[in-house]
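Q: Here's a sequence, model it:
(chains A and B)
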Amino acid sequence: MLKYILHRIALLIPTLVGITICAFAFVRLLPGDPILAMAGEHGVAPARYEELKEQFGYNLPIWQQYARYVGEVVTGDFGVSISSKRPVLEEFKTLFPATLELSFFAMIFAMVLGIPAGIFAAVKRGSWFDQSLMGTALVGYSMPIFWWGLLLIIFFSGYLGWTPVNGRIDLQYFFKPITGFMTIDTLIYGKWDAFRSVLRHLVLPTIVLGTIPLAVIARQTRSAMLEVLGEDYVRTARAKGLSSARVIGVHALRNALIPVVTTIGLQVSTLLAGAILTETIFSWPGIGRWMVESISKRDYVVVQSGLLLIALIVMAVNLIVDVLYAVINPRIRAA
Amino acid sequence: MKKKLAFAAALLAASVLSGMANGKTLVYCSEASPANFDPGTTTGGNDFDASSRTVYSRLVEFKHGGTEVEPGLADKWEISDDGLVYTFHLHPGVKFQTTDYFKPTRDLNADDVVFSFDRQFNKANPWNGDKYLPNLTWDYYTGMDMPKYVAKWEKVDDLTVKLTLTEPNAPMLANLGMDFASIVSKEYADQLAKDGKMADFSTKPIGTGPFQFVDYQLDSVIRYAAHPDYFKGKEKIDDLVFAITPDATARIQKVLAGECDIAPYPNPADIGTIKANKDVTLMDQAGLNIGYMSYNTTIPPLDKPEVRHALNQAIDREALIKSLFQDAGATPAENLIPPTMWSWNKDVKADAYNPEAAKKVLEAAGLKEIQLWASDRVRPYNPNFQRAAELIQADWAKVGVKAEIVNYEWTKYRSEGKKKDRPGAFQIGWTGDNGDPDNFFATLFACSAIGVSNYSSWCDKDFEDLIQKAKKTNDQAERTKLYGEAQVVFQKQAPAFLLAHSQVYAVVRKNVSGFMMDPLGIHRFDGVDKAE
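A: Numbers count the residues shown, from 1 in each chain, chains lettered A, B, ... in the order given. I've put the predicted structure just below:
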């Protein structure tokens, strides 16, 4: 098992190098001179331009800039934001809990609805429920998140007034974050009304961010279930006279869930990508919105390091999923 | 045990911190997170709203809703006859804010004023460089040419400060009303330096302004409370909250739902919905900006004013503005400066649409082909350079001039465009800094700006004499007259096609009073009240 894990980690190294090259190159391939872009309408005097170029290290040959960048990253120095002058890692740590909390609820939402819906569709294969569910899932999968989010805000918050438009909590609640997770912090402080406010604020962004994973999980569960339901051991179980619920719930589901777990792991990258749009629409103070704002401010340091940090998280989650998968399915380890 | 203690401390903090003061709370849905709270180091309008206009004050201030300069921390000032020495007399007894992180022991004095500027240019000042914050550029201080004009700042006595210039510069007073010129506390800076917490200066501000900083949750909420000892009197609202809401549609939905009281910059597409809503008011004003197109006046036949006038007359400006700005609208520009700025000459009118007359002149001049420049960037004064270029191209085709559209990415666009020998017509614009006409006329069309930001390479002796004279005199009436004349010369010489001043909007709930649109594009909350 340990050998397997080490092998997986070794495989991550070339990916990691690739990502640093991508993040580094991406920022430099963007059109426009970063110093002129920062200067805005005023422009910048030639002498000052050279001074700034040196200050930001853009005067060095490109390979030296890269070496310097990798050297800093390896020592845990992700740079300092050009606009806020705060360490990038510090901002990331402050904002990441918000993204994690939202992603967690979105994933729970997707699983709680997606898995039963997929099972039901598989069991009732070809029924109107199955067909309409699969149709809806296709729509959900193709939904443009930005449009979907604004539509929900305009209808539920604007027209019906049921949910708050955006934000994480009502403005009247004000406390110093402990964990950064609002649901947990409000409970630590014992503020039930604040906790309810947090939940109310979570409803719409959770739905918006969870829509695509929900569609994917429902479809994946259905097809995995269909495959398993046709297996010999399921037929045997039925032949033994077991109840339908027991056959589906115990014999079929346990085996069908293996590919579903992989799918859920892969959805983490979907969630982080979706967070960029969802957080912008819902003014959610997480890393997705932070990246968007940094791009519009031409804060190259944040964009570069933010990309790397997000990539690291996706890689870490994939590693965990791979390991879990090996725990569930011993055949993987041998392969 | 430690954990238990920490938990108890947290609970205590919660009981202290949770819940707002029971008073009037005004919620402003701001468009972006501030970079930090030190206005000397930032450049964005949203940065200034959150720091200089709330927490700080300046020696002089802009009149609420205007661009005229009025007393601020300085009750009065004298300018020497040669225009070189400014003596400011500070208002006595001005209190800095008292917060949980700083308790001032003295009132504002001349040391604070000198320190506020010294830190922005004196490399020997520990607050100028990396000891304070990394990669500091002091953009506005250098951008407004302060190093060139300022000889020295001196303390005369506790309540008197003397500024000596290297040459007369009338716009200096307006510069001192700008955000970067906010007055900070030297006592606070000294304390932080002693405690080794210099970076806190940019995250926990202390000023003399109408509101004091309470808390900032990164990218989410900024909280302020009214400064109880504000020298112009405590504000009527007790708590001011910035709910940071970057998406324009969400921002407007929040105002409509009553979750915030004021929101800036709605989407043009939402203007109709806002106007139809009876709970809110849509406020608008021509922004302190100008979109224009510079002709290179040194290359024949564009060196002849009549040819430039003819090109202007060939453009259906009304249709062009409508197509570019749509529902958001824009004020057609008659002059280089917008009508909200002092010295705007109401008698000057831009060239009227007259393709027949234009065709005759252009044929006679033999102008058949011209380069027409466009870039990819959305600017406040021109939302779509490419679209504008296509429409102008079509208009010029009707008068027999074939325009070739030249495209560059924004930074290269400007560096190519400002070259003296750049041919043709170049679309560009400007957003003003300090509300002084010099900031438009001299920045954009002075002879010395050729190769920098005078994209017309235009150097006209009459115009130059007028604006240089206006720069050197401190008599406001005289300056108004001189700039008025400069506008007449500009219209006669037509070095550029003037497009429009884009409209700036804010959405305000009906129960809010005292909020004003500001020509400088800032959002101020002093003097604002809210009916419950």
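
Q: which one is B:E306 nearest to, not counting chain neighbours?
A: B:V361 (5.6 Å; Cβ to Cβ, 6 or more residues apart in numbering or on different chains). Every residue, glycine included, has its C-beta placed from N, CA and C.

Q: Who are the packing partners of the helix or strand where the one you found lies?
A: When elements are assigned from DSSP states H and E, B:V361 belongs to helix B:355-365. For helix B:355-365, the packing partners by 3 or more Cβ pairs under 8 Å, 6 or more residues apart in numbering or on different chains; DSSP states H and E come out as helix B:305-313, helix B:385-398.

Q: contacting residues for the residue positioned nearest the centre of chain A?
A: Centroid-nearest residue in chain A: A:L272, 2.3 Å away (criterion: Cα atoms, centre = their mean). A:L272 makes contact with A:T99, A:S103, A:I287, A:G288, A:I310, A:I313, A:V314 under the criterion Cβ atoms under 8 Å, 6 or more residues apart in numbering or on different chains.

Q: Please identify which of these is nearest to B:S294.
A: Among the contacts of A:L272, A:G288 lies closest to B:S294 (Cβ to Cβ), at 40.2 Å.

Q: show me the contacts for that closest one.
A: The neighbourhood of A:G288, defined by Cβ under 8 Å, 6+ apart, consists of A:T99, A:L272, A:G274, A:A275, A:I276, A:L277, A:T278, A:E279, A:T280.

Q: helix/strand/coil for B:A225?
A: Put simply, B:A225 is strand when judged by DSSP: H, G, I helix; E, B strand; the rest coil.

Q: Tell me if I'm right that it and B:D215 touch.
A: No. Using Cβ atoms under 8 Å, B:A225 is not in contact with B:D215, being 9.9 Å away.

Q: What distance do you get for the residue nearest to B:E306 to chain A?
A: 33 Å (Cβ to the nearest Cβ, to the nearest Å).

Q: just checking, that residue touches B:L311?
A: No. Judged on Cβ under 8 Å, B:V361 makes no contact with B:L311 at a distance of 9.0 Å.

Q: More neighbours: these two, which one.
A: B:L311 (28 against 20; other Cβ atoms under 10 Å in any protein chain shown).

Q: Any idea which residue is closest to the centre of chain B?
A: B:D433 (4.2 Å).

Q: That residue should be in a strand, yeah?
A: No. B:D433 is assigned coil when assessed by three-state DSSP, not a strand.

Q: Looking at B:A225 and B:D215, which is more packed in?
A: B:A225 (21 against 16).

Q: show me the contacts for that one.
A: B:A225 neighbours (Cβ under 8 Å, 6+ apart): B:A21, B:F211, B:Q212, B:V214, B:D238, B:D239, B:L240.

Q: at 10 Å what do you get?
A: When contacts are counted by Cβ atoms under 10 Å, 6 or more residues apart in numbering or on different chains, B:A225 is found next to B:20-21, B:23, B:25, B:97, B:99, B:211-215, B:235, B:237-240.

Q: Can you tell me who it pairs with across the strands?
A: B:Q212, B:D239 (DSSP bridges).

Q: gap between A:I5 and A:T15?
A: To A:T15, A:I5 is 16 Å away according to Cβ to Cβ, to the nearest Å.

Q: and whichever residue of the stretch 201-335 of chain A sits closest to chain B, which of the three is it?
A: Residue of the stretch 201-335 of chain A nearest chain B, by Cβ to the nearest Cβ: A:P285 (3.8 Å). Classification of A:P285 by three-state DSSP places it in coil.
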